[in-house]
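Visitor: pasting a predicted model and its sequence here:
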Amino acid sequence: MSGPIRLVWVYPDLLSTYGDKGNLLVLERRARLRGLEAAPVLVNSDQPVPRDGDIYLLGGGEDLPQVLAARRLRADGGLVEAAERGAVIFAVCAGYQLIGHVFGGADGEPTEGLGILDITSARAEPRSVGEIVADVDPVLGIPKLTGFENHQGHTTLGPRAIPLATVTTGIGNGDGTEGAHAGRVLGTYLHGPALVRNPALADLLLGWVAGPLPPIAHEDDELAQTLRRERLTAVGAAQ
Ligand code: GLN
C-alpha cells in the first residue's frame, strides 16, 4: 500500500462512551511498531465521513446517541460506500448494532441501521453486563477473545454474516455466539477496549490492510499480554 494507513474514528462525539477509542490507539501503536505509518482521522457527526479510509472504527454508545449516529451515517453515505469498496470496518456494541439492518432504539422501537452487516438486533432483558470470553471462528486464526460487555441487545445473524466467536463466558449475541464478520467487516459486543485486550485481533485488521506483519518485540507486547492473561484468569478461563 502507499501512504499511511488511514484509521477513521467514526463519531467520537456520539460513540465514545465506553472507552473504545483505545482501539484506535492500539492500531496506531501496533502499526508504528512495525515501521508502518498510521494516520488517525477523527470524524464528528457534523462532518462527512471520508470515503478513502483504510480502517473505520465505531465504538459503543448510549441509546439516543446511537439512534442519532445511525441517522447521520445513513444520510452521509460514506461508511456504506467504504464498506462497498472493501474497506475494513471494526464496530463495537452500539456501532455493531447500527451497522446491521435494524436495532432497538431508545424505547426499544425498531430503528433502521446501515445494512452493512447482515444482522438484526432487538432490545432484550436483562441487560448483559460483565466479563465475556469467546472462542473465535477458526477461519480467522486468532486466540480466544476477552472483553467486557454492557448492552441490552440480542443480535440475530442472517445468512450473509458469520459468528465471530462462540461464547464460553458471558452473553454476546444472546444465542451462544458473539459478534459477526463478513469479508472485512467485523462487529463485536466487546469493550475492554477489545483491541487492547486482544492484540491478535488488532493485528488481524492491520494485516487485512498492510499484508503479513512482522512480530512485535516481546518487551513491546508485554503489557498487553499481561492484561489479557489477568482478565482471562479473573474469570477462570485458560489462556
Ligand atoms: N445502547 C446499546 C445497548 O444498550 C449499546 C450499548 C453499548 O454500546 N455498550 O444495547
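Guide: Arrived safely.

Visitor: where does pLDDT dip in this protein?
Guide: 1 (pLDDT under 70).

Visitor: what does it put close to the ligand?
Guide: 18, 60, 61, 62, 63, 66, 93, 94, 150, 151, 152, 153 (C-beta under 6 Å from any ligand atom). To be clear about C-beta, it is placed using only N, CA and C from the backbone, and glycine gets the same treatment.

Visitor: redo that, cut-off 5 Å
Guide: Within reach of the ligand by C-beta under 5 Å from any ligand atom, the chain has these residues: 60, 63, 66, 93, 94, 150, 151, 152, 153.

Visitor: my read: the fourth one touches residue 16, true?
Guide: To tie it back to what came earlier, the one meant is residue 93. No - the criterion here is C-beta atoms under 8 Å, and residue 93 misses it with residue 16 at 11.5 Å.

Visitor: who touches both of the two?
Guide: Shared contacts of residue 93 and residue 16 (C-beta atoms under 8 Å, 6 or more residues apart in numbering): 59, 61.

Visitor: who's more crowded, these two?
Guide: Neighbours per residue (other C-beta atoms under 10 Å) separate residue 93 from residue 16, with residue 93 holding more: 28 against 19.

Visitor: in this protein, which residue sits closest to the ligand?
Guide: residue 60 (2.7 Å; C-beta to the nearest ligand atom).

Visitor: which one's the longest helix in this protein?
Guide: Looking across the chain with DSSP state H, the single longest helix is helix 218-234.

Visitor: which parts of it are buried?
Guide: Buried residues in helix 218-234, counting neighbours by 16 or more other C-beta atoms under 10 Å, are found at 224, 228, 231, 232.

Visitor: same deal with stretch 147-162?
Guide: Neighbour count says stretch 147-162 has 147, 148, 149, 151, 152, 153, 154, 155, 156, 157, 161, 162 buried, by 16+ other C-beta under 10 Å.

Visitor: may I see those arranged in CSV, with secondary structure as well?
Guide: Output for the buried residues of stretch 147-162, formatted as CSV (DSSP: H, G, I helix; E, B strand; the rest coil):
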residue, secondary structure
147, strand
148, strand
149, strand
151, strand
152, strand
153, strand
154, strand
155, strand
156, strand
157, strand
161, coil
162, strand
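
Visitor: and which of those residues is nearest residue 197?
Guide: residue 147 (5.9 Å; C-beta to C-beta).

Visitor: now the closest residue to that closest one other than its chain neighbours: phi and psi?
Guide: Nearest residue to residue 147, sequence neighbours excluded (C-beta to C-beta, 6 or more residues apart in numbering): residue 190, at 2.9 Å. In terms of degrees, to the nearest 10, the main-chain angles of residue 190 are phi -80, psi 120.

Visitor: swap in residue 71?
Guide: Torsion angles, degrees, to the nearest 10, at residue 71: phi -60, psi -50.

Visitor: which two in the residues of the chain next to the ligand are spaced the farthest apart?
Guide: Distances among those were taken as C-beta to C-beta; the most separated pair is 66 and 150, at 13.1 Å.

Visitor: quick one: contacts for the residue of the chain closest to the ligand?
Guide: By C-beta under 8 Å, 6+ apart, the neighbours of residue 60 are 15, 17, 18, 20, 92, 93, 94, 95, 150, 151, 191.

Visitor: isn't the third one up against residue 59?
Guide: It stands for residue 18. Yes - assessed by C-beta under 8 Å, residue 18 is found in contact with residue 59 at 6.2 Å.
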